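I would like the atomic coordinates for the input below:
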Amino acid sequence: MRGRARLFPEAGASLEAIVAEYPPKLQEYLDDFGFVTSREDRVDFLIDIADEFQPVPASIATKPYDEAQRVIGCESEAFVWALDRDDGTLDFYFDVLNPQGLSAMAMSAILEQSCSGAPLEQVAAINGEVVFTFFGRDISMGKGRGLTELVNAVVFQARRRLKPA
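The predicted model follows:
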């Protein structure tokens, strides 16, 4: 998978070691979802989060969006923008064109709230497996791929800026 974020951690890395590197707000979400035991509760929690979704402001981008911002593989037609902050972190913005794309909206809201302003090293350490913590292992292959690619798009932006010149 050249040019894409790795979905699995390095061999021998413990889950605790990997998660310890995540942005604190993302860790809070992961901890909260650790208490979700039923599918109904998971769905309700995700709908509440999707309600927090804010599309990219017109000051950042307007439709039709540049295809370079499109999340490849996302059935909900998601787009991601990463803007540099003066402190060396990033602000992330999202849009989901499919009004039925609640899962993409929820994942976008989680990523925006968790990764905007977080240290690039923490954002770059995020593993696509977080999708399954939020959405469960029983999501469809297409949805799982699209949401993982949404995470990977954010991780890519952080890793791109961390590369030495």
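
where's stretch 144-163 relative to the chain centroid, distance-wise?
In this view, stretch 144-163 has its centroid 7 Å away from the chain centroid, taken as CA atoms, centre = their mean, to the nearest Å.

What residues of it count as buried?
The neighbour-count criterion (16 or more other CB atoms under 10 Å) identifies 144-159 as the buried residues of stretch 144-163. Every residue, glycine included, has its C-beta placed from N, CA and C.

try stretch 42-58
With burial defined by 16+ other CB under 10 Å, the residues of stretch 42-58 counted as buried are 42, 45-46, 49-50, 53, 55-56.

So which of those residues sit within helices?
When helices are assigned by DSSP state H, the members of these inside them are 42, 45-46, 49-50.

Out of the residues you listed, the closest to Gln113 would be?
Here the nearest of these to Gln113, counting by CB to CB, is Ile49; it sits at 8.9 Å.

how near is the closest one to Gly88?
Taken as CB to CB, to the nearest Å, the spacing of Ile49 relative to Gly88 amounts to 28 Å.

Below-threshold pLDDT in the protein: ranges please.
Low-confidence segments of the chain, defined by pLDDT under 70: 1-20, 165.

let's see 90
Residues of the chain that meet the criterion pLDDT under 90 lie in 1-21, 163-165.

Which residue ranges of it form strands?
Here the chain has its strands, by DSSP state E, at 78-84, 90-96.

hmm, back to that, can you tell me which of the ones in helices among the buried residues of stretch 42-58 lies nearest to Asp138?
Nearest to Asp138 among these: Arg42, at 9.9 Å, using CB to CB.
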